[in-house]
Structure formats: structure tokens, C-alpha cells
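*Asks:* Build me a model:
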Amino acid sequence: MTPETLRGMPALLLFHNHVTASAAQEVQEAVRYEYQAPDQPFLASVVDLSGVPRFMRPLASAAMGNGYGQAEKMLPPTLSPVDYVVILPDWGGSVTRSFGIDNVGEAPALIFIDAAGVVRDRYQGAAPGEAAQRILAEHGIEPGTVAGFPERE
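*Replies:* Prediction:
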């Protein structure tokens with residue numbers, strides 16, 4: 001994946017590994033209740049799996065599948081989980097490194113890419129949900145609603 005791959009839509013990429021995986025739910029909840037259209041922004045988790053030994057990859061794949069299944073259950077049947085739950089395994093860590101990110105086991109990172117495919121913002125640290133909301137607001141991404149989207153609990 002490169003910024004050019006996402007040309008035409010704003011994207012917020014969350015980089016994490018198994019240690020910081022809870023950031024995925026935090027960012028999903030912080031972003032999707034305000035920005036409900038799946039492409040405003042496109043939101044994806046890039047999971048750095050470079051530390052997973054080759055023989056453990058089937059177990060890691062199963063864990064990602066379980067995470068996808070749990071996220072899918074949170075959506076009503078009228079919404080497609082394919083549009084809302086995007087988990088991108090980065091087995092060798094090359095995608096993570098290509099964005100200049102390291103130490104995602106210590107702190108998750110966010111990259112904001114505008115609709116032209118240009119990286120406009122980055123953040124790495126605690127409270128990624130709050131950071132995601134700030135980044136989107138600062139870059140003029142307007143909140144929007146989608147019929148059938150679940151209410152915040």
C-alpha cells in the first residue's frame with residue numbers, strides 16, 4: 001500500500017501490533033460515530049506482524065479473523081463490514097517502515113493521507129482516538145451520518 005493507492009479519498013491509517021491492538025477499537029469508536037461514511041475517511045488498521053515467527057502466522061491470522069468477526073458483530077446487518085472493518089496485515093513490517101513508523105508496540109501511530117494521496121499529518125502516542133478526531137477536524141473532514149449506523153453506547 002502506498003499513498004497513491006488511496007488517491008481520491010481521505011484516509012486515516014492506524015499502525016499497531018498485537019501489544020497495542022486495543023488502539024484499533026479506540027480509533028474506530030472515536031472516528032466512526034462522527035464520520036460514518038466508510039470513505040470519509042477510509043479507515044484501516046495496519047498490523048505490524050514483523051515480530052511474529054513464520055510458524056506462528058496461522059495463529060496470528062486466526063486472531064485477526066476473530067477481531068474482524070467481533071467488529072462485524074457491532075455493525076447492523078444493513079451495513080457491510082467490508083466497508084467498515086479493514087485490517088491489513090504487514091507481515092514483514094515494510095508498509096509500517098515505508099511510512100517512517102517504528103515502535104508500534106510501544107505506541108500506535110496514525111497517518112492521515114488527503115484525497116490527492118499526500119501524507120498531511122502523523123501522530124504516534126497515547127490516546128489515538130482523540131488524536132484521530134483532532135486530525136480529521138484540522139484537515140476539514142466533515143462529520144456525516146449514514147442511515148442504520150448504530151448509536152454510541
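*Asks:* elements contacting the helix or strand that contains residue 120?
*Replies:* Assessed by DSSP states H and E, residue 120 sits inside strand 119-124. When contacts are defined as 3 or more C-beta pairs under 8 Å, 6 or more residues apart in numbering; DSSP states H and E, strand 119-124 packs onto strand 109-113, helix 128-138. The way it works is simple: take the backbone N, C-alpha and C, and place the C-beta from them, glycine included.
*Asks:* hey, which of these is tucked in deepest?
*Replies:* strand 109-113 (a mean of 24; mean count of other C-beta atoms under 10 Å).
*Asks:* That one - contacts with which helices or strands?
*Replies:* Packed against strand 109-113 by the contact rule (3+ C-beta pairs under 8 Å, 6+ apart) you find strand 11-16, strand 119-124, helix 128-138.
*Asks:* Could you give the bridge partners of the residue nearest to residue 99 when sequence neighbours are not counted?
*Replies:* Among residues not flanking residue 99 along the chain, residue 111 sits closest, at 5.3 Å (C-beta to C-beta, 6 or more residues apart in numbering). Beta-bridge pairing for residue 111 (DSSP bridges): residue 13, residue 122.
*Asks:* contacting residues for residue 111?
*Replies:* 12-13, 15, 99, 101, 119, 121-122 (C-beta atoms under 8 Å, 6 or more residues apart in numbering).
*Asks:* swap in residue 103?
*Replies:* So residue 103 contacts residue 124 (C-beta under 8 Å, 6+ apart).
*Asks:* did I read that right, it in a helix?
*Replies:* No: counting by DSSP: H, G, I helix; E, B strand; the rest coil, residue 103 is not part of a helix but coil.
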